[in-house]
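# one predicted model, sequence on top.
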Amino acid sequence: PNFTPALAEIIVSLGAIKILLVGLFKKHNTLNWCFALAIAALLIALLSLYSQSGGMQITFNGMFINDAYTLFVRKAVLIAAILIMILNRITAIQDDLNKFEYPVLLLLSVCGILIMISANDFLSLFMGIELKSLSLYVLVGMRRNDPKSSEAAIKYFVLGALSTGILLYGCSLIYGFTGLTNFQTLERFFQGQHLTQNLSIGLIVGVIFVIIGLGFKIATAPFHFWAPDVYQGTPISLTVFLATVPKIAAIAVIMKILVNPFAGIQGIWKPLIMFLCIFSMLTGALAALSQADVKRLIAYSSIGNMGFILMGVVAGNESGIHASISYSVFYLISTLLFFGVLLYLARNGKTIKTLSDFHGIGKSFSVAAFLIAFSVLSMSGVPPLPGFLPKLMMIMAVVSQGNYSLAIFAVIYTVLSAAYCLIILKALFFDKSSQNISKNHAVYRKYDPSINFVLVFLFLFLLFSLLNPSPLLDAIHKATVALMYL
């Protein structure tokens, strides 16, 4: 087989093996070395993607595909993973994650995510999902002395295993009734069935089970119960990874499966996706309003955001898919910025757990407070901030298909999401702190520029995409065309 399209995955997996060996045999300053090697492996993998053309390449007996869409999503995932590794290098020790296996497991989960995105067959998709999931189960339960962490790990493992079982059962039903697992041959099969309109009930159940299994992975309501507890039970260093990279990858996979293999049977999956959209948006927005814990609030916010992203798939046209990918990118960057600031504050002796911990930050850490405000307002799509354009594109795409009811729900969701953003802003700038915060109480006095570098990079990216969005939108347009028409 041709190994070039899978070069990034190979580099990341070799990096994980190398770090494992370094961790075993190097006795001094092990964690720093391991993180440095992990960041280097991810950087080399990213460069290998930039060296590839955007043309379609299929390898490993049709199981692995490389085109403009998978290239774009994998680049986004690797950039986010590099930034998270840089943040974690500083805060892992503080969060009691100072084991050399930590960067190894992060790399293995990134490798699984890259395989998921590039999968062109249900078998390779399942391999990627399992590699990602097994690494994350161990990461979530890594702090064995913390009861909340153990509880989060057990919930995540049980519900993750259930969703994997549902997904696998759906795949086996599809294989049983069609004899196919490859996405392109399935697409041709369903297009042919679309003409004759005779789908067996087992095949329909298989398609529904696949969608439900993937719905679990991105925590759409009503399959969202694991997300708030898992976010709350993990340290911020790990929550930032859970909230961003696996979610974006799973959304990319859902879009790929619905637009490619299942394109001929939209009548079956559209009502289900529409239900998931509306239910996720309402559950996420309404539940977030009553949360006091910051990580639970972000978990419910992400449930609503996942429902919003799926609206583009319901629209089913090019502008809808384009809006979904755009919104995913802005959601990823805004969430990274939000958690990056929380890690910066934790580094300066101000750990944020509940909304009341935000009191007084507007005065004592004014730049950090500004960045939090910028990220949450971007996430809620307040004009003229960066999140507004993709939200507007999404609603216009749905309206262009005549789906006015979904557009109305989207507007209601946007208003509700602005409400819980205002709760965060009120805590930051208007509520007075009960104790005086001083920067002199910093846990780590040693100045380290890497967190500042990540925050500046994310802020400038959002600012640049606001002032000149065309380079990013052009790249997203190429990815959309590759997904829809090739």
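It's in. Numbers count the residues shown, from 1 in each chain.
# please enumerate the helices of the stretch 151-300 of the chain.
Using DSSP state H, counting those that start in this stretch, the helices of the stretch 151-300 of the chain run over residues 183-196, 201-217, 226-233, 236-242, 245-259, 266-289, 294-315.
# isn't K75 up against L46?
Yes - if you go by Cβ atoms under 8 Å, K75 and L46 touch, sitting 6.6 Å apart. Every C-beta, even on glycine, is put in place using the N, C-alpha and C of the backbone.
# what angle do the lowest-mean-pLDDT helix or strand in the chain and helix 245-259 make?
Least confident element among the helices and strands of the chain, by mean pLDDT, DSSP states H and E: helix 183-196 (a mean of 82). Relative orientation of helix 183-196 versus helix 245-259 (axes from the mean of the first three to the mean of the last three Cα atoms, to 10 degrees): 40 degrees.
# mind listing what's buried in helix 183-196?
F183, L186, E187, F189, F190, Q193 (16 or more other Cβ atoms under 10 Å).
# from the contact counts, what lies against that helix?
Under the contact definition 3 or more Cβ pairs under 8 Å, 6 or more residues apart in numbering; DSSP states H and E, helix 183-196 sits against helix 147-178.
# list the helices and strands the helix it packs on packs on?
With contacts defined as 3+ Cβ pairs under 8 Å, 6+ apart, the packing partners of helix 147-178 are helix 122-140, helix 183-196, helix 201-217, helix 226-233.
# list the buried residues in the third one.
Buried positions in helix 201-217, judged by neighbour count with 16+ other Cβ under 10 Å: 203, 206-217.
# could you dump the residues you listed into CSV and include pLDDT and distance to A373?
As requested, these are exported to CSV (pLDDT from 0 to 100; distance: Cβ to Cβ, whole Å):
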residue, pLDDT, distance to A373
L203, 92, 49
G206, 95, 46
V207, 94, 43
I208, 95, 41
F209, 96, 42
V210, 96, 40
I211, 95, 36
I212, 95, 37
G213, 95, 37
L214, 95, 33
G215, 94, 32
F216, 94, 33
K217, 92, 31
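# so who does the residue nearest to M255 when sequence neighbours are not counted touch?
Nearest residue to M255, sequence neighbours excluded (Cβ to Cβ, 6 or more residues apart in numbering): V313, at 5.8 Å. Counting by Cβ atoms under 8 Å, 6 or more residues apart in numbering, V313 touches I254, M255, L258, V259, I273, G320, I321, S324.
# do A323 as well
By Cβ under 8 Å, 6+ apart, the residues touching A323 are M311, G312, A315, P390, M393, M394, M396, A397.
# how much space separates I236 from I451?
From I236 across to I451, the span is 12 Å (Cβ to Cβ, to the nearest Å).
# list the residues that contact both of these two?
The contact lists of I236 and I451 share L343, where a contact means Cβ under 8 Å, 6+ apart.
# looking at the two, which is more packed in?
Per other Cβ atoms under 10 Å, whichever of I236 and I451 has more neighbours is I236, with 24 against 20.
# is the more buried one in contact with I90, as I believe?
No - the pair I236 / I90 is not scored as a contact, 11.6 Å apart, by Cβ under 8 Å.
# overlap of the contact sets of those two?
Common neighbours of I236 and I90, using Cβ under 8 Å, 6+ apart, are L343.
# count of neighbours near the residue nearest to R143 when sequence neighbours are not counted?
Leaving aside its chain neighbours, R143 sits nearest to S149 (4.1 Å; criterion: Cβ to Cβ, 6+ apart). By the criterion of other Cβ under 10 Å, S149 has 21 neighbours.
# then the one 10 residues further on?
Applying other Cβ under 10 Å, we find 19 residues neighbouring L159.
# separation between the spatially closest residue to it that is not a sequence neighbour and T59?
Closest residue to L159 apart from its sequence neighbours, by Cβ to Cβ, 6+ apart: W226 at 4.3 Å. Using Cβ to Cβ, we find W226 at a distance of 34 Å from T59.
# repeat for A373
46 Å.
# returning to what we had before: now render the helices of the stretch 151-300 of the chain as JSON lines, adding distance to M379.
Shown next, in JSON lines, are the helices of the stretch 151-300 of the chain (distance: least, Cβ to Cβ, whole Å):
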{"stretch": "helix 183-196", "distance to M379": "32"}
{"stretch": "helix 201-217", "distance to M379": "21"}
{"stretch": "helix 226-233", "distance to M379": "15"}
{"stretch": "helix 236-242", "distance to M379": "14"}
{"stretch": "helix 245-259", "distance to M379": "13"}
{"stretch": "helix 266-289", "distance to M379": "11"}
{"stretch": "helix 294-315", "distance to M379": "7"}
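# just give me the lowest mean pLDDT stretch among the ones you listed.
Mean pLDDT is lowest for helix 183-196 among those, at a mean of 82.
# what angle separates it from helix 201-217?
130 degrees.
# residue contacts, F183?
I65, A119, N120, D121, F122, K256, I257, N260, P261.
# please name the nearest non-neighbouring residue to the last one.
Right, P261. Distances taken as Cβ to Cβ, 6+ apart place L186 nearest to P261, at 3.9 Å, with adjacent residues excluded.
# same deal with the first one?
Closest residue in space to I65, ignoring its immediate chain neighbours: N120 at 3.9 Å, by Cβ to Cβ, 6+ apart.
# what about the one you found, how many neighbours?
The burial count for N120: 25, using other Cβ under 10 Å.
# also the one 10 residues further on?
For E130, the count of nearby residues is 16 (other Cβ under 10 Å).
# touching, it and T164? I think so.
Yes - with contact defined as Cβ under 8 Å, E130 reaches T164; the gap is 7.0 Å.
# who touches both of the two?
By Cβ under 8 Å, 6+ apart, no residue touches both E130 and T164.
# quick one on the thing from earlier: from the contacts of V313, which is closest to F457?
S324 (24.4 Å; Cβ to Cβ).
# quick one, what contacts that closest one?
So S324 contacts I251, M255, I309, L310, M311, G312, V313, M394 (Cβ under 8 Å, 6+ apart).
# A helix includes it, no?
Yes - applying DSSP: H, G, I helix; E, B strand; the rest coil, one finds S324 inside a helix.
# I figured F453 hits R89, correct?
No - contact criterion Cβ under 8 Å: F453 and R89 do not qualify, at 11.5 Å.
# more neighbours: those two, which one.
The neighbour count for F453 versus R89, taken as other Cβ under 10 Å, is higher for R89 (21 against 13).
# now do the same contact list for D357.
For D357, the contact set (Cβ under 8 Å, 6+ apart) comprises V294, K350, T351.
# so which of those comes closest to N468?
Scanning these for proximity to N468, where the rule is Cβ to Cβ, the winner is V294, at 32.3 Å.
# and for the closest one, the neighbour number?
V294: 24 neighbours (other Cβ under 10 Å).
# and it, how far from L422?
From V294 over to L422 the distance is 15 Å, taken as Cβ to Cβ.
# separation between the residue nearest to M255 and R347?
For V313 relative to R347 (Cβ to Cβ), the value is 39 Å.
# coming back round to it: the residue nearest to R143 reaches G233, doesn't it?
Yes - using Cβ under 8 Å, S149 is in contact with G233, at 5.2 Å.
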